[in-house]
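Trainee: Provide a 3D model corresponding to the input given below.
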Amino acid sequence: MKNITLRKDGRYQIQFQQNGKRAFVYASNKTKAVEKLKKLKKNISNFQQQRKKYTLEQWYDYWAKNFKLPFMQYKNYLVIEQLFREINKALGQIELSKLTTMQIQEYYNTYPTSRKKEKIITYLNGCIQKAVDENIIVRNVCKNVVRDKKLKFDKQPYTIEQQELIIQAISGTDIECYILLYLLTGIRRNEINNNIREWLNMETNQLKAINEKQRSNIVSYKYIDLSPDYAKLLYSQADKFTLLSDNVYRKFKKLLNKLGIEGDIHKLRHTFATNYYYLGVPEKVISAWLGHKTTAVTKDVYIGVARKNYVERLDKLYGNLLYKF
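Mentor: Reported below is the predicted structural model:
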């Protein structure tokens, strides 16, 4: 038979197509090889029939509940769900096997340049790739989508000049306690609730925070060292933490726009890492505070380049609020 060949070692090799690539299985004799080939053809036929059953919306529902939800925090899962509600309005009823790169490209192009635009294509790519891995479809049509080359997010920290403007601008506002918290602890905006006193140990001057970037439902924590002065200030400000993180994000973004500064709250995290790196805190300690698994991410992504007199100006700006290692 065309797909069966006799090898030099006496075994029979069966050749077939899997996910658009050649694959091989082996049998000890020709009869078994023929039987295996028949089973393979039947399985492939079943897979082809199965492809017709899934629309993008149906496959997303299966993918999300079985491959995403069990391995991430529920609030992060809700972000994916919200994105796919929008995707499914435009593409959800298309059969997965008939979905094309052009359809995805046209949908992608309807969005203005934004972080949301990149999230949509990232999660859509993951969803479709899993269908390929599970033999539901042959190829990932998302991979050929031309992504916005201008979509680059500035990961540099706020300069010392920008920090000075921010500290001055937040003084007396309802987001002052939040922005100081992000600048002096490096936590992500959803890693602590508003019950600050429950998370603050005044004996050790340590702040306990959830490590949000975890890949399971098991909650893990990190502990961030604070200066005694900032621990006292944070304790006294505890009752001021009443806003939702999204409200803080929007208010801070509005403030930055008034100051003419590019960035967002997450950039405060990069600023925290850079500040403490130049204050002499070891990378391993900063990495632990940030909740990174390795120091490579901390140094390569989070720590920016500081200018002359950086440490002196940091001391002048923050004073005893800075933790001294």
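
Trainee: which SS state does the closest residue to residue 7 other than its chain neighbours fall under?
Mentor: Excluding its sequence neighbours, the residue lying closest to residue 7 (CB to CB, 6 or more residues apart in numbering) is residue 13, at 5.4 Å. Glycine gets a C-beta too; all of them are placed from N, C-alpha and C. Three-state call for residue 13 (DSSP: H, G, I helix; E, B strand; the rest coil): strand.

Trainee: Residue 24 is in contact with residue 13, correct?
Mentor: Yes: between residue 13 and residue 24 a contact is recorded at 5.7 Å, counting by CB atoms under 8 Å.

Trainee: Looking at those two, which one has more neighbours?
Mentor: residue 13 (15 against 11; other CB atoms under 10 Å).

Trainee: Contacts only, for the more buried one.
Mentor: With contact taken as CB atoms under 8 Å, 6 or more residues apart in numbering, residue 13 is in contact with 4-7, 24-26, 33.

Trainee: follow-up on the earlier one: which residues does the residue nearest to residue 7 bridge with?
Mentor: residue 5, residue 26 (DSSP bridges).

Trainee: can you map out the strands along the chain?
Mentor: For the chain, applying DSSP state E gives strands covering 4-6, 12-18, 21-27, 200-201, 206-210, 221-225.

Trainee: The fifth one pairs with which strands, and in what direction?
Mentor: Taking DSSP bridges as the criterion, strand 206-210 sits next to strand 200-201 (antiparallel), strand 221-225 (antiparallel) in its sheet.

Trainee: which of those strands is buried the deepest?
Mentor: Among those, the stretch with the highest mean neighbour count (mean count of other CB atoms under 10 Å) is strand 221-225, at a mean of 17.

Trainee: quick one: average pLDDT of it?
Mentor: Averaging pLDDT along strand 221-225 gives 92.

Trainee: Now the terminal residues of stretch 258-265, how far apart.
Mentor: One end of stretch 258-265 sits 15 Å from the other (CA to CA, to the nearest Å).

Trainee: what sits up against it?
Mentor: Contacts of stretch 258-265 (CB under 8 Å, 6+ apart): 154, 158, 162, 165-166, 169, 179, 182, 189, 248-249, 252-253, 256.

Trainee: least confident pick among the residues you listed?
Mentor: Lowest pLDDT among the contacts of stretch 258-265: residue 154, 54.

Trainee: circling back to that earlier point, let me know which of the strands paired with strand 206-210 is the nearest to residue 100.
Mentor: The closest of the strands paired with strand 206-210 to residue 100 is strand 221-225. By CB to CB, the value is 44.3 Å.
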